[in-house]
Each structure stands twice: as C-alpha cells, then as structure tokens.
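1. take this sequence and fold it.
(one chain, ligands or ions: 2)
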Amino acid sequence: MDRKRSEDKDAYKQHKHGAVVHMVEEKEENIVPPPGDHEGPAGGDDVQGKTADIPKAFVTKGKIGNYEPKEPSPSHAPGENGDPVYTSMDEKSKSEQEIRQYGFNMVNSDKIAMNRTIPDTRLDECKYWNYPDKQPTASVILVFHNEGFSTLVRTVHSVINTSPKHMLKEVVMVDDFSDKENLKGHLEDYLKQFNGLVKLYRNKEREGLIRTRTRGAELSTGDVIVFLDAHCECNRNWLPPLLDRIRVDRKTMAVPIVDGIDWDNFQYRPVYSTVHHRGIFEWGFLYKESQVPKKELDKRAYNSEPYPSPTHAGGLFAMDRNYFFELGGYDPGLRIWGGENFELSFKIWQCGGRVEWVPCSRVGHIYRNFMPYSTGQHKEKIPVITLNYMRVVEVWLGEEFREYFYTREPMVRGYPIGDISKQVQFKKDNNCKSFKWFMDNVAYEVYDLYPLPPRNKAWGEFKQKRGNKCWDSMGQGMGGGPIGAYYCHHGGSNQYYRLNEKGQIGTGEWCLRTENGDTIHIRRCDVEPAGPWKWDENTGLIRNVDVDKCVDIGEDNLLHLKSCDPSAPTQLWDIKEIYPW
Ligand code: UD2
Ligand code: MN
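-> Ligands and ions are numbered 1, 2, ... in the order given. This is a model prediction of the structure:
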C-alpha cells in the first residue's frame with residue numbers, strides 16, 4: 001500500500017472509529033416517570049416564539065402515541081431482535097473474503113431476514129409522544145458505492161417498514177459508480193417489488209459521497225430530505241420525530257441517535273441509553289461526542305425532547321430540501337469523504353439555523369471494520385479528508401480559530417485548496433455569524449474538553465543531530481507502550497511531533513508524557529503532567545522538567561529519560577519541519 005493511500009485509511013480510522021467518542025461514564029439517570037400531559041417540545045426560546053400558533057407535538061400520560069407501531073411478534077429466525085449471528089467453520093474462508101471486499105461479514109448478513117426485528121432502544125417516554133398528522137413529506141436518500149447487496153436492500157426494507165406511509169414520499173438511491181456486478185441489473189429487478197416508491201439513479205463517474213448526496217437531493221421531490229448511509233436499520237417510529245422538528249422550524253437539521261450494528265455478527269447495540277450526548281470536535285477536526293451540558297437539558301420539560309448540538313457524525317440527518325439548497329448544499333469542492341458534516345453544521349448554525357439531536361429517533365448503522373474503498377484517484381499529496389477540513393476551516397473559522405487548526409496540523413498550512421470564493425461570498429451575503437459566536441454560544445464545552453492549543457515552538461521530525469534516527473511512535477497508539485527511535489523516513493505520520501510554548505509535546509490529538517520517569521508514552525493531553533518538555537536548540541537536549549532528565553535512545557531502541565549529557569549523540573535532537581507535499 002502506498003503511503004498516501006495508507007494515510008487516508010489511517011485518517012479514516014481515527015476520524016470515525018476508535019477515537020470517535022469522547023467517553024463519558026454512563027450514569028443511570030432517573031428516567032422521568034410516566035409523563036403527564038404536556039405541550040412540547042419546549043425547545044429554545046426562539047423556537048417557541050416562532051411556533052406559538054402552530055400545532056405542537058405533545059405527550060399523553062399512559063396513552064401510547066399516535067404513530068407507535070405494534071410490537072412485532074417474536075420469531076426464531078437468525079438475527080431476530082437484533083441478536084448476533086455466527087459464521088460456521090465451512091463458511092470461514094468465504095466470509096473472510098467478503099469482509100475484505102465490503103468491510104462487513106456478508107455471509108452473516110445474508111442469513112438475516114430483510115424485515116428482522118431490532119430491540120427498542122429509545123427512552124420509554126418516547127412511546128407517549130403524539131405528532132400532528134400534517135407533516136412535511138420525506139425523501140429518504142441512500143447514496144452508495146460498492147455496498148454489499150443484502151445490507152443495502154435491508155436498509156430500503158427497513159425505511160419502508162418503519163415509516164408512516166403518508167410521510168414517506170420516496171426512497172432515492174444514487175449509485176456512486178459501483179463496479180460490483182451484483183449491484184447492476186439485479187438491483188433494478190429487486191426494486192420492482194416496491195412499485196415505484198424506490199427510485200434508482202446512477203452516477204456516470206465516481207463523485208464521492210458528498211457530491212452524490214447533493215445529486216440525490218436534486219433528484220428528490222419530498223419537502224424534507226433524509227440522508228441515511230446505505231447500511232442502516234431504522235428503529236421504531238424514527239421518522240415522525242425528525243420531520244416534526246422541521247415542521248416547527250424549517251431551519252432545523254434534525255439528527256437521529258445512531259445506534260451501532262456489528263460489522264461481523266450484526267448484533268444491534270444501543271449507543272447511549274440514558275445519558276444524552278452530542279457531536280463536537282477537537283482542533284484537528286476529529287469528530288467527537290460528549291455529554292450534553294446540563295444547561296441545555298434543563299431547557300426542556302421532558303428528557304426525551306430534542307436538544308441542540310454543535311455538529312453530527314455526518315451520515316444520518318433530515319433537513320428541509322429547499323433550505324438545503326438555500327444554503328448552497330454542500331460545498332462542491334469537498335471531495336469523496338469527510339468534513340462535510342462540519343461544513344453543513346457550521347454553515348447552518350452561523351447563518352441562522354440550528355442542529356438538533358432527537359432522542360426518540362434512533363437508527364442503527366453498521367460501522368465497518370475498515371474502509372473498503374479507495375478515496376479515489378486524486379493528485380493530492382495530503383489526505384482528501386484533510387483537504388476537505390482545510391476548505392471548511394478557511395471558509396468558516398475566521399482568522400483566530402483557523403490558527404488552532406494549523407497549530408494542530410502545521411504540515412498542511414499553505415497547501416492549495418482550490419477556489420473558495422463562492423463559499424466566502426455566501427457567508428458575507430447572508431451576514432453569517434462568526435465562529436467565535438458559534439463557539440461561545442453553541443459549542444462552548446469544546447473549550448473545556450479540547451482546550452485551545454498553545455502555539456507551536458517547533459514541529460516536524462525529531463531527528464538526531466548526530467545520527468540518523470528519529471522519534472517514532474513504533475505503532476503505539478494512545479494508552480499504549482513506550483515510543484522509540486527509528487531510522488528517519490521523512491514522511492511524517494509516526495515520526496511527526498509538535499512542541500508547543502507550554503512545553504507539551506503532541507502527536508495528532510495526543511500528548512507525550514512519562515509516567516515512570518523512564519519511558520515515554522502517548523496519552524491524553526489533559527492528563528497532568530504532560531511534561532513540560534524543554535528543548536535547548538543549541539545543545540539539542542530535550543529535558544523533562546518534572547524529573548529533570550533528558551530524552552535518550554536506549555539499547556532497546558526505545559526512548560528513555562537519562563541524566564542529561566550534552567556530549568551523548570543519543571540525546572541531541574533537531575526538530576525539522578517536513579512538508580511531504
Ligand atoms: C461517516 C458517516 C458518513 C459520512 C462520512 C464522511 C455516519 C454513520 N457515517 O462515515 O455518512 O458522513 O462519515 O464524513 O455518520 N459512498 C459513496 N461514494 C463514495 C464513498 C462512500 O456513495 O465515494 C457511500 C457509502 O456507500 C455509504 C455512504 O456513502 O452509503 C457513507 O460512507 P461510509 O459508510 O463508508 O462512511 P462512514 O459510515 O464510515
Ligand atoms: Mn457508514
């Protein structure tokens with residue numbers, strides 16, 4: 001695998017997997033007792049104001065809500081109730097082959113019914129909401145590139161089975177130039193059973209998920225566009241609570257809670273059960289989720305009501321179709337995969353709309369074990385994801401906040417990102433608010449969870465002044481074993497560190513620290529002490545001020561803290577900027 005490609009894949013892993021969730025211990029909260037009569041959702045003041053004269057969703061005590069489905073009768077088929085299914089010994093090699101192709105175990109998926117049942121993962125209170133009958137109609141848009149067949153069509157079945165008929169105008173499928181044979185004529189034939197409710201379009205070339213979604217929106221005819229990934233299973237009554245928020249305020253992006261479905265055994269697992277979370281980010285724009293500040297929750301009368309969120313993971317959300325286009329849709333300069341979630345959320349918040357997470361709407365999503373497709377033939381020397389982030393940063397962050405991104409990703413500063421004049425003009429024409437406003441009023445917990453990074457003093461490869469070894473993470477990630485020194489490859493990635501004015505040494509979103517006064521490990525930045533480290537440019541010594549020792553290469557090729565010795569070539573370091581582009 002060439003380095004560029006493998007960097008894209010690493011970036012993918014970090015961006016949506018593994019490091020995704022800012023873990024917060026889930027405490028059992030008191031679930032609100034059976035709800036009493038209440039007109040809601042209370043929402044924010046602005047929403048209340050605008051909606052004084054239109055019908056509201058409401059809760060009735062002990063009486064099941066108007067769109068609640070009947071509980072399905074239990075069956076013993078594989079995967080029912082979201083239970084796991086397993087691969088037998090004779091299926092092993094076939095399933096491994098499928099996993100390599102799709103990132104999912106299709107052998108197991110093929111055993112599961114198209115209309116399998118999944119557990120109800122909502123708060124109990126969700127059953128008692130009543131939603132006005134008159135709702136905007138929805139076009140559910142599924143874009144796909146080389147997806148497995150049964151997971152793809154199970155998504156279609158699930159959308160249709162779980163949506164009230166009069167609310168679902170159509171399912172719009174857009175094939176982003178797949179080359180898998182089973183997605184060709186066979187798919188058209190399969191979709192005939194839906195009698196025209198499901199429409200299939202195909203791209204003439206690979207556009208990436210972002211442009212393909214915009215095309216799907218253009219081809220849609222419903223009032224609201226609802227995007228889902230092409231490997232989802234919708235939970236009970238997921239659609240009305242999303243549409244209802246848009247009915248009340250058309251400038252709301254409504255986001256369901258995304259449960260997990262296992263890529264191997266297809267077990268359906270709730271992501272959070274009682275503690276509400278919302279989407280945020282750190283300064284390299286890795287997507288994070290964290291507990292919703294109490295202040296926001298307290299504005300609501302019921303624990304099952306929607307709450308505002310700075311951003312979302314990207315794949316699953318509903319929006320007024322015209323509003324999407326009033327905002328210019330996605331920036332067409334974004335490529336293939338990544339960053340579009342930030343672009344749209346920042347644009348919405350800064351230009352007068354809002355993003356809400358809706359606890360009573362839950363949809364399961366299969367998280368892949370790896371990205372099975374390439375991010376396309378691009379001439380770029382940096383990952384497309386980073387390039388996308390740069391476009392978002394340049395348009396929406398403004399001078400002050402843009403700097404924090406470049407502090408976190410100094411290597412890409414100045415990389416050409418193409419024309420952004422249309423986006424900048426849009427922001428001006430619409431008097432969109434500043435990123436500082438957004439930070440102070442919407443995403444304020446980010447200040448605490450991911451403090452603004454101090455400026456870099458030096459960054460790049462930490463290379464021996466006399467010798468040819470560089471600091472190297474040696475495949476160790478956050479929480480892992482000690483880092484070492486290895487022959488310099490000048491390619492960044494695992495040999496790429498930053499020293500800042502506060503004396504922290506960082507790599508990616510993490511910091512380096514010693515716990516035992518001997519070896520050096522990758523740990524969270526907020527765990528004190530992360531150093532401080534002092535680099536003496538003249539001698540080259542890098543001293544850990546806490547233990548008053550210097551970084552040395554041990555016999556074992558790991559970095560160790562030893563008594564400082566400016567004559568030891570294993571202790572003398574240059575910090576050299578690298579620009580692989
Ligand atoms: C997450 C989002 C995803 C998208 C992505 C990029 C969730 C659950 N998923 O990654 O929706 O926002 O982040 O930020 O929030 N696809 C194409 N063309 C391509 C590549 C992908 O049509 O060139 C399709 C693909 O078949 C799928 C959808 O786009 O239906 C999303 O791709 P993914 O599932 O690989 O992304 P995911 O879930 O890792
Ligand atoms: Mn996905």
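
2. hey, let's count contacts and neighbours off CA atoms from now on
-> Will do.

3. could you find the closest non-adjacent residue to the most centrally placed residue in the chain?
-> Per Cα atoms, centre = their mean, the C-alpha nearest to the average position across the chain is that of A313, at 3.2 Å. Once flanking residues are discounted, A313 sits nearest to N341: 6.3 Å by Cα to Cα, 6 or more residues apart in numbering.

4. got the residues of the protein near ligand 1?
-> 143-145, 147, 176, 208-209, 229-230, 313-316, 336-340, 365 (Cα under 6 Å from any ligand atom).

5. out of these, which are inside strands?
-> V143, F144, H365 (DSSP state E).

6. tell me the pLDDT of the last one.
-> Right, H365. Per-residue pLDDT puts H365 at 98.

7. equivalent analysis for the second one, please.
-> Per-residue confidence (pLDDT) for F144: 97.

8. hmm, it is touching L209, no?
-> Yes: F144 is in contact with L209 according to Cα atoms under 8 Å; the separation is 7.5 Å.

9. identify the contacts common to the two.
-> Residues touching both F144 and L209 (Cα atoms under 8 Å, 6 or more residues apart in numbering) are D176.

10. can you name the element that comes right after the helix or strand bottoming out on mean pLDDT in the chain?
-> Scoring the helices and strands of the chain by mean pLDDT, DSSP states H and E places helix 45-51 at the bottom, with a mean of 43. Downstream of helix 45-51, the first helix or strand assigned by DSSP states H and E is strand 58-59.

11. list the helices and strands that following strand packs on?
-> strand 38-39, strand 129-130 (3 or more Cα pairs under 8 Å, 6 or more residues apart in numbering; DSSP states H and E).

12. need the least confident one among these, by mean pLDDT.
-> Lowest mean pLDDT within these: strand 38-39, at a mean of 45.

13. leaving out the residues flanking it, which one is nearest to the residue in the stretch 1-150 of the chain positioned nearest to ligand 1?
-> Nearest to ligand 1 in the stretch 1-150 of the chain, going by Cα to the nearest ligand atom, is F144, at a distance of 3.3 Å. Closest residue in space to F144, ignoring its immediate chain neighbours: D175 at 5.1 Å, by Cα to Cα, 6+ apart.

14. from L152, how far off is the one you found?
-> 11 Å (Cα to Cα, to the nearest Å).

15. tell me which of the two has more neighbours.
-> Using other Cα atoms under 10 Å, the more surrounded residue of D175 and L152 is D175, with 26 against 22.

16. number of residues surrounding C564?
-> So C564, with other Cα under 10 Å, has 18 neighbours.

17. doesn't it fall inside a strand?
-> No: C564: not assigned to a strand; according to DSSP: H, G, I helix; E, B strand; the rest coil it is coil.

18. residues in contact with it?
-> Counting by Cα under 8 Å, 6+ apart, C564 touches L541, R543, K549, C550, V551, Q571.

19. ok, now how distant is it from L558?
-> Relative to L558, and taking Cα to Cα, C564 is found at 17 Å.

20. show me what I553 is bridged to.
-> Beta-bridge partners for I553, by DSSP bridges, are L559.

21. distance of it relative to S473?
-> For I553 relative to S473 (Cα to Cα), the value is 13 Å.

22. what is in contact with the two at once?
-> Contacts common to I553 and S473, judged by Cα under 8 Å, 6+ apart, are G484.

23. could you count how many residues lie near the residue of the stretch 1-150 of the chain closest to ligand 1?
-> Other residues close to F144 by other Cα under 10 Å number 22.

24. and N456, by the same measure?
-> With other Cα under 10 Å as criterion, N456 counts 19.

25. and for the closest residue to it other than its chain neighbours, the neighbour number?
-> Counting by Cα to Cα, 6+ apart, N456 lies nearest to N500, which is 4.0 Å off, once chain neighbours are set aside. Residues lying near N500 (other Cα under 10 Å) number 20.

26. and N500, what does it touch?
-> Contacts for N500 (Cα under 8 Å, 6+ apart) come out as P454, R455, N456, K457, A458.

27. that one and Y486, how far apart?
-> Distance of N500 to Y486, given as Cα to Cα: 23 Å.

28. now do V85
-> 44 Å.

29. same question, G82
-> Distance of G82 to Y486, computed by Cα to Cα: 47 Å.

30. who's more crowded, the two?
-> Taking neighbours as other Cα under 10 Å, G82 and Y486 compare with G82 leading, 22 against 18.

31. does the more buried one really touch P270, like I thought?
-> No: with contact defined as Cα under 8 Å, G82 does not reach P270; the gap is 10.4 Å.

32. export the contacts of C564 to a markdown table and tack on secondary structure, neighbour count and pLDDT?
-> Below are the contacts of C564 laid out as a markdown table (DSSP: H, G, I helix; E, B strand; the rest coil; neighbours: other Cα atoms under 10 Å; pLDDT from 0 to 100):
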| residue | secondary structure | neighbour count | pLDDT |
| --- | --- | --- | --- |
| L541 | coil | 26 | 98 |
| R543 | strand | 24 | 97 |
| K549 | strand | 20 | 97 |
| C550 | strand | 24 | 98 |
| V551 | strand | 25 | 98 |
| Q571 | helix | 27 | 98 |
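
33. what stretches of this structure score poorly on pLDDT?
-> 1-52, 376-378, 527-530, 581 (pLDDT under 70).

34. how about it: which residue is closest to ligand 1?
-> G315 (2.8 Å).

35. can you pull the contacts of that residue?
-> Contacts of G315 by Cα under 8 Å, 6+ apart are F227, L228, D229, N341.

36. tell me the one of those nearest E356?
-> Checking the contacts of G315 against E356 by Cα to Cα gives N341 as the nearest, at 13.4 Å.

37. got the contact list for the closest one?
-> T311, H312, A313, G314, G315.

38. thinking again about what came up before, farthest-apart pair in the contacts of C564, please.
-> K549 and Q571 (10.4 Å).

39. any idea how far F405 is from the residue lying closest to I520 once chain neighbours are set aside?
-> Distances taken as Cα to Cα, 6+ apart put T514 closest to I520, at 4.6 Å, once the chain neighbours are dropped. To F405, T514 is 26 Å away according to Cα to Cα.

40. cool, K428 as well?
-> With Cα to Cα as the criterion, K428 and F405 are 22 Å apart.

41. higher neighbour count, these two?
-> Between K428 and F405, F405 has the larger neighbour count (other Cα under 10 Å), namely 23 against 12.

42. what's the helix or strand for the more buried one?
-> In this structure, F405 sits in helix 398-408 according to DSSP H and E.

43. same deal with G506?
-> Secondary structure (DSSP H and E) places G506 in strand 505-507.

44. just the strands in the stretch 151-300 of the chain please.
-> Ranges of strands in the stretch 151-300 of the chain, per DSSP state E, counting those that start in this stretch, are 168-175, 198-202, 224-228, 232-234, 252-261, 268-269, 277-281, 287-291.
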